[in-house]
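Here is the input, now give the coordinates:
(one chain, ligands or ions: 1)
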Amino acid sequence: MIEAKNLFKYYGKQSVLEKMNVTIRQGEFITMVGPSGCGKSTFLKMILGTEKPSQGKLLLNGKSFPNEPSAEIGVVFQQYSVFSHLTVLDNLLIVGRFKRNKTLGFFAKGQKRPFVEKALALLEKVGLDNVLDKYPHELSGGMAQRLAIAQALLGEPKILLLDEPFGALDPGTRKDMHKLVLELWKELGITIVMVTHDLKEGFYLGTRLWVFDKANHYSVNKNQGSTLIYDLPIGNNEPELYRELDNRIHPVESFIISQSAK
Ligand SMILES: Nc1ncnc2c1ncn2[C@@H]1O[C@H](COP(=O)(O)OP(=O)(O)OP(=O)(O)O)[C@@H](O)[C@H]1O
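Sure thing, here's the model as predicted:
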C-alpha cells in the first residue's frame with residue numbers, strides 16, 4: 001500500500017505538488033493525467049525513490065520509501081532505457097549480474113543458469129523470445145519498450161511505474177502494448193502507476209484515473225502547485241466529465257477542436 005499524507009513538493013521556491021492525501025492499494029492500476037509540468041513525473045520519482053517529498057509523508061506499507069530505487073519497484077520511461085551495445089538477452093542478464101554482485105557485476109557459480117531461465121521466460125512473456133540476439137537498434141519502438149518492461153519486471157517488483165511508456169509509439173503498436181500491460185498486470189497482481197497524456201488510454205487501462213491540476217485552474221499565480229483534483233473509479237466517464245477533463249489537460253487543443261466544430 002502506498003500512502004501520501006499531506007505531501008508537498010517544491011523545487012527551490014517553485015511549488016510543484018501541494019496537499020496530496022491519497023492511498024493506493026496493492027493491485028490497483030492508477031493512471032495519471034494533467035497539464036504538462038503539473039508534477040506527474042515528480043510524483044512517480046518520489047515513489048521510485050529518486051526524489052523526496054519536501055513536506056508531509058510518502059509511505060510504502062506504513063514505512064518511509066527506500067532512499068534509492070529498490071527491486072520492489074520497476075520503472076519504464078518514454079525514452080527507451082535499454083543498453084544499446086547489448087543484445088536483447090544480455091540486456092536482462094546484465095541487470096541480473098549487477099543485482100548479484102554490485103561492484104564486479106558477475107554471477108557466482110551456479111547463479112547464472114536459473115537466472116538465464118528466468119530471463120528467457122520473461123522474454124517469452126513479453127513476446128521477444130524470437131529476437132534474443134538482436135541489438136536494440138534492430139528492434140521496433142514497441143519491441144524496445146517490451147524489452148524495457150521485461151527489464152523492469154526482472155526484480156519481481158510489486159509496483160511498476162510507467163512514465164508515458166507508449167507516447168512515442170504508433171496507434172497499432174500502442175494497442176498491442178495495452179494488451180500486454182493488462183495481461184501482465186492481471187497475471188502478476190502488481191500495482192501499476194502510469195503517467196499518460198492520453199485521456200482515453202487513462203480510462204481504458206486504469207482502475208482509477210487521477211487528474212492533477214492547480215486547485216484553481218484559472219489562477220494566474222505561476223507559483224501555485226498542482227494537486228489531485230479528481231480521483232475517479234473507472235466507469236464514471238460521463239461525456240460531460242470527459243470534456244471537462246480533456247479541457248483541463250489539453251486546454252489549447254480542446255479550444256481549437258471546439259472552435260472548428262462550430
Ligand atoms: N530536478 C528538478 N529541478 C527543478 N525543477 C524541476 C525538476 N524536475 C522537475 N522540475 C519542475 O517541476 C515541474 C513538474 O515537472 P514534472 O516533470 O513532474 O511534470 P509533468 O507533469 O510530468 O510534465 P509533462 O507532462 O510535461 O511530462 C516542472 O515545472 C519542472 O520544470
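
And the helices in the stretch 101-250 of the chain, which stretches?
112-125, 141-153, 171-188, 199-205, 239-249 (DSSP state H, counting those that start in this stretch).

right, so those: which one is the most enclosed?
helix 141-153 (a mean of 22; mean count of other CB atoms under 10 Å). (Glycine included, C-beta is placed from N, CA and C.)

and it with helix 112-125, angle?
Orientation note: helix 141-153 sits at an angle of 140 degrees relative to helix 112-125 (axes from the mean of the first three to the mean of the last three CA atoms, to 10 degrees).

Can you tell me what sits against helix 141-153?
When contacts are taken as CB atoms under 8 Å, 6 or more residues apart in numbering, the neighbours of helix 141-153 outside the stretch itself are 74-77, 80-82, 88, 91-92, 95, 119, 122-123, 125-128, 131, 136, 139, 160, 165-166, 168-170, 173, 176-177, 180-181, 184, 188.

likewise stretch 209-229?
Applying CB under 8 Å, 6+ apart, the contact partners of stretch 209-229 are 8-10, 13-20, 22, 30-35, 38-40, 43, 202-203, 230-232, 234, 245, 248-249.

out of the helices of the stretch 101-250 of the chain, which comes closest to the ligand?
Shortest separation from the ligand across those is recorded for helix 239-249, at 9.2 Å, computed as CB to the nearest ligand atom.

packing partners for that closest one?
When contacts are defined as 3 or more CB pairs under 8 Å, 6 or more residues apart in numbering; DSSP states H and E, helix 239-249 packs onto helix 199-205, strand 208-214, strand 226-233, helix 251-260.

least reliable of the ones you listed going by mean pLDDT?
Per-segment confidence across those bottoms out at helix 251-260, which has a mean of 53 in mean pLDDT.

just so I know, which of the helices of the stretch 101-250 of the chain lies nearest Q55?
The closest of these to Q55 is helix 239-249. By CB to CB, the value is 25.1 Å.

just how off-centre is the closest one within its chain?
Here helix 239-249 is found 22 Å from its chain centre; the criterion is CA atoms, centre = their mean, to the nearest Å.

Is any residue of it near the ligand?
No. Using CB under 6 Å from any ligand atom, helix 239-249 never reaches the ligand; the gap is at least 9.2 Å.

what mean pLDDT does that helix have?
In the prediction, helix 239-249 has an average pLDDT of 73.

Dump it to CSV, keeping only the CA atoms.
Taking Å, rounded to 0.1, in the frame of the first residue of the first chain, the C-alpha atoms of helix 239-249 are listed here in CSV:
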residue,chain,number,x,y,z
PRO,A,239,-19.4,12.6,-21.6
GLU,A,240,-19.6,16.0,-19.9
LEU,A,241,-17.0,15.0,-17.4
TYR,A,242,-14.8,13.7,-20.2
ARG,A,243,-14.9,17.0,-22.0
GLU,A,244,-14.2,18.9,-18.8
LEU,A,245,-11.1,16.7,-18.1
ASP,A,246,-9.9,16.9,-21.6
ASN,A,247,-10.2,20.7,-21.5
ARG,A,248,-8.1,20.8,-18.3
ILE,A,249,-5.4,18.5,-19.7
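
now the angle from that helix to strand 226-233?
Angle between the axes of helix 239-249 and strand 226-233 is 150 degrees (criterion: the same axes, to 10 degrees).
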